[in-house]
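>>> A predicted structure for the sequence below; I have some questions about it.
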Amino acid sequence: MDVLLLHGLLLLPLAALLLYRCSPHFQYLCKVAFFNCWIVAMATLLSPFAAFRGRSVDNMKLLRAALLPLKRFYGIRMRVRGAEQLQLQGPFVIVCNHQASLDLMGMVEVIPERCVPIAKRELLYLGTVGWACWLSGIIFIDRHRRDTAIEVISHTASTMRHENLRVWVFPEGTRNPGKSMLPFKRGAFHLAVQAQVPIVPIVISPYWDFFSSKEKRFTSGTCTIRVLPRVETRGLSPKDVPELTESVRQAMAEALAEMSMSDHEDQATEQSLLGLGDNRGRPQGQGDTARNGK
Ligand SMILES: CCCCC/C=C\C/C=C\CCCCCCCC(=O)SCCNC(=O)CCNC(=O)[C@H](O)C(C)(C)COP(=O)(O)OP(=O)(O)OC[C@H]1O[C@@H](n2cnc3c(N)ncnc32)[C@H](O)[C@@H]1OP(=O)(O)O
Ligand SMILES: CCCCCCCC/C=C\CCCCCCCC(=O)OC[C@@H](O)COP(=O)(O)O
């Protein structure tokens, strides 16, 4: 009986390894679980150090350092275009498209110093993760209570100017794995106009080639982050916000469409050079697992 149990215990990791190699769905589950476990582990380990400083934007450096290695575990190559657009002296607002939690990997790739994201309040209740986010100075808004969210944003506008703070907003307001961007919420643009600071739009290329939560697919791949030219808001007033929101969204949507094409073509060229065939003209997702093979 004991020998049987021992054999069973030895075979379990082997079986798991085999399943991991053979089943893309199991691989997806393991990779997503690892992502969440990593965040919880890092938050638990690093929060006590962050607590020494107290709630401070400087703790974002710890958060960044904790999340930067993730791309290596997943074999995701990050390409950044237009990083010089972020070389600004004063405060500014970054607006970025939001596809999935994986965006955190792109965010830490380019996030400038003294920059905090605006996040949904629910994250505060994720135990040590919430604590780590609070200690890092992340700004929380209650998306279901517009008035209080607007108050937080107004308060942030004056903090930005007094403390030279940069703020990262996902203006879609929720994760969107779709092919085009959702309509933008206006908070980020009111924030920039109230603080009279520039807006820097950032577009992260679609993950279709290596990640899909719908298809339970998570392989290795390349992600491009494009920083677009900044948009000045000096002299603008609240009445200009709708037009400002639309023009920034338009510029980001165009960049996203362009990147969807070129990233996909890059991957196809890379694969055909490797002798694995061309994937163009096939529906998204088909053959990806075979092509990337991880
Ligand atoms: C220390 C070691 C650490 C180790 C590692 C550990 C952990 C790391 C783990 C995680 C890191 C966390 C990273 C965080 C990422 C989180 C991502 C998110 O949570 S995204 C979700 C949250 N973001 C948003 O919701 C975007 C911001 N939202 C808005 O801006 C919205 O506008 C809103 C303020 C919430 C209001 O939304 P609403 O649905 O009502 O829609 P509208 O935007 O259309 O607005 C309606 C109306 O109100 C006017 N409005 C909006 N804002 C303002 C304003 N600030 N001032 C005045 N008026 C405002 C707007 O103009 C509309 O009116 P009108 O139609 O007349 O124009
Ligand atoms: C005592 C309680 C302990 C609870 C432990 C919970 C463990 C949680 C595990 C992992 C946390 C990972 C958090 C990653 C946060 C990623 C940011 C993100 O992508 O948020 C989504 C948000 O933008 C929009 O949300 P919705 O798309 O509207 O939904």
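Yep, it's here. Ligands and ions are numbered 1, 2, ... in the order given.

>>> Now that residue 92 has come up, it's in contact with residue 230, right?
Yes: when contacts are counted by CB atoms under 8 Å, residue 92 is listed as touching residue 230 (6.9 Å). Just so you know, the C-beta spots here come from the backbone N, C-alpha and C atoms, and that holds for glycine as well.

>>> Next up, the contacts around residue 201.
By CB atoms under 8 Å, 6 or more residues apart in numbering, residue 201 lies in contact with 94-96, 227-228, 231, 248, 251-252, 255.

>>> if I've got this straight, it is in a helix?
No: Residue 201: not assigned to a helix; according to DSSP: H, G, I helix; E, B strand; the rest coil it is strand.

>>> picking up where we left off before, among the contacts of residue 201, which one sits closest to residue 149?
Of all the contacts of residue 201, residue 95 has the smallest distance to residue 149: 16.1 Å, by CB to CB.

>>> For that closest one, pull up the helix or strand it's in.
Under the criterion of DSSP states H and E, residue 95 resides in strand 93-96.

>>> can you tell if that strand touches ligand 1?
No: counting by CB under 6 Å from any ligand atom, no contacts exist between strand 93-96 and ligand 1, the nearest distance being 9.2 Å.

>>> Also stretch 137-157?
Yes: figure legend: stretch 137-157 in contact with ligand 1 (CB under 6 Å from any ligand atom); contacting residues 138, 141, 143, 146, 149-150, 153-154.

>>> Mind checking which of these are buried?
Neighbour-count burial (16 or more other CB atoms under 10 Å) applied to these gives 138, 141, 149, 153.

>>> residue contacts, the second one?
With CB under 8 Å, 6+ apart as the criterion, the residues that contact residue 141 are 118-121, 148-149, 152-153, 187.

>>> Emit the PyMOL select command for whichever of these are buried.
The buried residues among those can be selected in PyMOL (16+ other CB under 10 Å) with this line:
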select buried, resi 118+119+121+149+152+153+187
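
>>> Quickly check the contacts of residue 141 for the two that are furthest apart.
Using CB to CB, the contacts of residue 141 reach their maximum pairwise distance at 119 and 148, which is 14.6 Å.

>>> buried set for the strand or helix carrying residue 43?
Assigning secondary structure by DSSP H and E places residue 43 in helix 24-53. Within helix 24-53, the residues that count as buried by 16+ other CB under 10 Å are 24, 27-28, 31-32, 35, 39, 42-43, 46-47, 50.
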